[in-house]
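Colleague: Quick check, what structure comes out for this input:
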Amino acid sequence: MLHRLAADRASFRTLEFRPGLNILLATRNDGGEQDSSRASERRSRNGAGKSSTIDLIHFLLGGKPQGALTAPALAEWNFTLDLDLGTERIEVTRSVANARQVFIRSPQSGVDRIQNAQWCKRLGEEWFGLSEKRGNGDVSYRQLVSYFARRKRDGGLDSPVRTFRNQSNASAETSLAHLFGLDAELVRRLHQAKSALKQAKDAQTALAALDKAAAEGSKRADVEAQLEAQIASVKLGRDRLAGRIEAFNVLPAFRELEGELATLNQDFRDLSDADVIDQEAIDVNARALRAEVFTEAPDIARLFEEARIVFPDLVTDRYEEVHRFHEKLLENRQSHLQDEIAAAQQRIAKRQPLRALIETRRRDITRSLRASGPADELLRLRDELAGHESELKQLEGRLQEARKLEERVEALEREVEEAVRAMRQDRRERSAIVDTASRTFSEISERLYEKPGQLAISATDTGLRFLPQTPADGSAGVMSMEIFCFDLTLATLAQGRGEGPGFIIHDSHLFEPVDGRQFARALQIAADFSMRTGIQYVALLNSDEIVRAERESGASFAEYVLETELSDTSEGGLFGIRFD
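Modeller: Numbers count the residues shown, from 1 in each chain. Sure, this is the predicted structure:
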C-alpha cells in the first residue's frame, strides 16, 4: 500500500494516500482568450501531473526516469515514497542525479543506502517471491510490477496481457503465468526451446542457400539428401581421374618427380583447405559480429539516446533491463567472436612460410616435368583431380554440418513437444487457479455489463494464452474495460498467494473512451474491490471526467477524492513549477 509521495522542495504537491479507492483529480485552466499559445503549449506538454505521478512512483520503485523526470530542473530533487513492504512501513528516497542509489528509512534499521539494483531485487523478493534468475527469458520484478501501474506512453493500455509495445509473447506469458500462480518456468522453457528451434531451422535454410548452382526444384529435397547426391557425383569424377592418372606412363625419373609433386600437392591442398576453413570461420564470425553490433546494441542505444526527441512514447522502464542484459550479452558475444577471428588469423599466418617452401619446390619440379609432353598432361590431370578433392572436402564438411543441424532440430522439436505437454499438465493440475481467475473476471465484468465476460487461459502449442473477453454490447471503451477487469483479476489471484504490491494505479487515459455510466460503475467496483480485498486502488482522473461520471450515473465519489488536487497552472501541477 502507498501512503505518501513527497519531495524536498516546497513547491511539490505532496500526495497523501489512504486505504481503499483514492481519486487524484486534475483540473484544466483554459485561460480564456488571453491565454498565449506558448503557455497553452507548455500546459499541454507538462500538464497537471497525472502521468508524472505514475512516472514518479515507478522511479521510486526502481524504474528509469521518464517524462517530466528527465527535465534538468528536477535532476537534483529528492523524491520520497512512503509505502508498506512486507510487515514494515518504509520510506524510499531517490534522485535523478544519483539514480543508481536509493535511501531506505525504516523504524527497525534506520537509514540504509543501497544500489537501485539491490532495491529492485528486494522488491522482487518481497512482492513477487523472486529469487535469482534461472536463465534468459525468466520473469523480472520490473516486468511484473508494471501490470499494477500501467502507462499509456509505454503501450500499457493497448492490450490486457501486455504492458509495453512490442512485448513478446514469451515475456508476457511468462510474467502472467507467475502472477496467476501457474508454472512460469515451464512457459519460459517452451519459448526458449521454440526460439532455439527457429534459429536451428534458419541455419538449415542458410546452409541450403549455399547451393546456388542447384537446379530449380532440386532444393525442395532436404539438404542432407541433396549434399549426398552431389558428393556421389563428385566422387565419380574424382575416381575416373584417379584411374587415368594411375594408367598414365612416363619415364621412371619423371615418375619419381611426379610422386614427389603429388605429395607436395596434397600437402599444399591440406594447407589450402585449412586456410579455407579458417577463412570461412573468420567470415562467419565477422558477419555475426557486424550483425550483433547492428541489430542489437545500436538499436537499443539509439532508443535511449534519441527516444525523448524522436519517439517519446516508446521509452519504457523495461528498456533499462533490456539494455543492461543486451549490453552484457553483446560484450561477451563480441569478445568471443573477436577471439575466434584472431585465432583463425593466427593459424593462417603460421601456415604461410610452409606454403611458400612447398610452392618453391613445386615450381622447380613443374619446370622439370614440363620438359616432357606426357608429364605436362599428367600435371593437368593432377590439377583437375585436386579440384575434385577440394570440392569433395567442402561438400563433406557441409554434409556433416547438415547432419548436426538435423539432429539438433529433431532434439529441439522433441523438447518443444515435451514442454507443451508439461505446460498442459500443469494447467490441468492447477485447474482450481484457472477456475478462480475465470470466475473472478466474470464477476467483475458482470457488474460492468450486467452479463459475465470470459477469461480463458489456454495451454497450446504456441504458448500459454490469456484471452479476456467482455460482453460485446456495442459501447465504446471495450478494450479499456477488459484491461480494468483483467488487472483486478490479476491482483486478486496474486494476493491470494501473498504476492503483489498491494495497489493498482490507473490513470484517466484508461477511462477516456468509456461512457459516463460505465465509468461510474468501474469506480464503484474499484471501491468495493478495495474494501473487500484490501488492495489499494488509485485513479488519476480529470475533474471533468468525474463530473461526467457523477452526472450520468447519479452517484457521488466525493468521499474518495484526495485532499490535494492538481491543475495545469504554473503552481498547481505536481511539481509546483513550470519547465520546458
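Colleague: Which helix or which strand is home to the nearest residue to I277 once chain neighbours are set aside?
Modeller: Among residues not flanking I277 along the chain, G397 sits closest, at 7.4 Å (Cβ to Cβ, 6 or more residues apart in numbering). For glycine as for every other residue, the C-beta is placed from the backbone atoms N, C-alpha and C. For G397, the host element (DSSP states H and E) is helix 373-429.
Colleague: counting contacts, what elements does that helix pack onto?
Modeller: In terms of contacts (3 or more Cβ pairs under 8 Å, 6 or more residues apart in numbering; DSSP states H and E), helix 373-429 is packed against helix 184-209, helix 223-246, helix 252-295, helix 317-369, strand 454-460.
Colleague: Start and end of stretch 538-558, how far apart?
Modeller: By Cα to Cα, to the nearest Å, the extent of stretch 538-558 from end to end equals 14 Å.
Colleague: neighbouring contacts of it?
Modeller: 2, 17, 21-28, 50-51, 53-54, 503-508, 511-512, 515-517, 519-521, 523-524, 526-527, 561, 565 (Cβ atoms under 8 Å, 6 or more residues apart in numbering).
Colleague: please redo it, this time with the cut-off set to 7 Å
Modeller: By Cβ atoms under 7 Å, 6 or more residues apart in numbering, the surrounding residues in contact with stretch 538-558 are 2, 17, 22-28, 50, 53-54, 503, 505-508, 511, 516-517, 519-520, 523-524, 526.
Colleague: Any of those residues buried? List them.
Modeller: Neighbour counting with 16 or more other Cβ atoms under 10 Å marks 2, 17, 22-26, 28, 50, 53-54, 503, 505-508, 511, 516-517, 519-520, 523-524, 526 as buried within the contacts of stretch 538-558.
Colleague: Pretty sure L493 sits against R439.
Modeller: No: at 10.8 Å, L493 does not count as touching R439 under the criterion of Cβ atoms under 7 Å.
Colleague: ok, those two, which is more surrounded?
Modeller: Under the neighbour definition other Cβ atoms under 10 Å, L493 and R439 were set side by side, and L493 has more, 22 against 13.
Colleague: what about the more buried one, helix or strand, and which?
Modeller: helix 478-496.
Colleague: I would like the residues contacting that helix, please.
Modeller: 147-148, 157, 160, 179-181, 433, 436-437, 440-441, 444-445, 448, 453, 455, 468, 470, 500, 504, 510-511, 513-514, 518, 522, 529, 533, 535.
Colleague: Counting only helices, which of these make the cut?
Modeller: 179-180, 433, 436-437, 440-441, 444-445, 448, 510-511, 518, 522, 529, 533 (DSSP state H).
Colleague: And stretch 64-78, end to end?
Modeller: End-to-end distance for stretch 64-78: 15 Å, by Cα to Cα.
Colleague: for the record, mean pLDDT for that stretch?
Modeller: Stretch 64-78 shows a mean pLDDT of 93.
Colleague: what's the answer for stretch 265-281, then?
Modeller: pLDDT averaged over stretch 265-281 gives 83.
Colleague: Can you list the neighbours in contact with it?
Modeller: Looking at stretch 265-281 with Cβ under 7 Å, 6+ apart, the contacting residues turn out to be 340, 344, 347-348, 351, 354-355, 358, 362, 382, 386, 389-390, 393.
Colleague: ok, back up a step: R414: which of the helices and strands packed on helix 373-429 is closest?
Modeller: helix 184-209 (9.2 Å; Cβ to Cβ).
Colleague: ok, and for the closest one, which residues are buried?
Modeller: Across helix 184-209, burial judged by 16+ other Cβ under 10 Å covers 184-194, 196-197, 200, 203-204, 207-208.
Colleague: Stretch 417-435 too?
Modeller: Of all the residues in stretch 417-435, those buried under the rule 16+ other Cβ under 10 Å are 419-420, 422-424, 426-427, 430, 433-434.
Colleague: any idea how far the helix holding L493 is from the chain center?
Modeller: 23 Å (Cα atoms, centre = their mean, to the nearest Å).
Colleague: Could you check the angle it makes with strand 454-460?
Modeller: 70 degrees (axes from the mean of the first three to the mean of the last three Cα atoms, to 10 degrees).
Colleague: picking that back up, quick one: mean pLDDT for the helix holding G397?
Modeller: Mean per-residue pLDDT for helix 373-429: 80.
Colleague: Repeat that for stretch 169-184.
Modeller: 92.
Colleague: Contacts for it next, please.
Modeller: With Cβ under 7 Å, 6+ apart, stretch 169-184 has contacts from 128, 137, 139, 143-144, 147, 161-162, 187-188, 191, 426-427, 430, 433, 437, 463-464, 466, 490, 493-494, 497.
Colleague: 8 Å - rerun?
Modeller: The contact list for stretch 169-184 (Cβ under 8 Å, 6+ apart) reads 128, 137-139, 143-144, 147, 161-162, 186-188, 191-192, 195, 423, 426-427, 430, 433-434, 437, 457, 462-466, 490, 493-494, 496-497, 499-500.
Colleague: what is the mean pLDDT for stretch 289-306?
Modeller: Mean per-residue pLDDT for stretch 289-306: 52.
Colleague: and the residue lying closest to S567 once chain neighbours are set aside, what is it in contact with?
Modeller: Excluding the flanking residues, the one nearest S567 by Cβ to Cβ, 6+ apart is T27, at 4.6 Å. Going by Cβ under 8 Å, 6+ apart, T27 touches 48, 542-543, 565-568, 572.
Colleague: Could you list which of the residues you listed belong to helices?
Modeller: Using DSSP H, S543 are the members of the contacts of T27 that sit in helices.
Colleague: Show only the entries of the contacts of T27 found in strands.
Modeller: Members of the contacts of T27 lying in strands (criterion: DSSP state E): 542, 566-567.
Colleague: any idea which of those residues has the most stuff around it?
Modeller: L566 (26 neighbours).
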